[in-house]
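Novice: Next input, structure requested:
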Amino acid sequence: MSAGYCVKCKSKKEMKDEQEVTLKNGRKAVKGKCPDCGTSMFKILGKA
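Specialist: Modelled structure (predicted):
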């Protein structure tokens, strides 16, 4: 599991229901939900 920032809770948390996606520019990202409030969370991964 990866941690992301929840803008609604204003804190870093572990994502649930996460899935890896590829952006238009070819970079990888992780999309998931906040375990407390259910808001969508997003984290862009490094180039490697």
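
Novice: in the lowest-mean-pLDDT helix or strand in the chain, what counts as buried?
Specialist: Lowest mean confidence among the helices and strands of the chain (mean pLDDT, DSSP states H and E): strand 3-6, at a mean of 88. Under the neighbour-count criterion of 16 or more other Cβ atoms under 10 Å, strand 3-6 has Gly4, Cys6 buried. C-betas here are computed from N, CA, C, even on glycine.

Novice: so what does that strand touch, helix or strand wise?
Specialist: The contact analysis (3 or more Cβ pairs under 8 Å, 6 or more residues apart in numbering; DSSP states H and E) places strand 3-6 against strand 11-14, strand 40-44.

Novice: how far away is the spatially most central residue of the chain from Lys33?
Specialist: When Cα atoms, centre = their mean is applied to the chain, the residue found nearest the centroid is Phe42 (3.0 Å). Phe42 is 10 Å from Lys33, where distance means Cβ to Cβ, to the nearest Å.

Novice: again with Gly26
Specialist: Gly26 is 25 Å from Lys33, by Cβ to Cβ.

Novice: Tell me which of these two has more neighbours.
Specialist: Lys33 (16 against 7; other Cβ atoms under 10 Å).

Novice: Run a quick check on that one versus Lys16, I expect a contact.
Specialist: Yes. Between Lys33 and Lys16 a contact is recorded at 5.5 Å, counting by Cβ atoms under 8 Å.

Novice: before we move on, back to that, of the helices and strands packed on strand 3-6, flag the one that's most buried.
Specialist: strand 40-44 (a mean of 16; mean count of other Cβ atoms under 10 Å).
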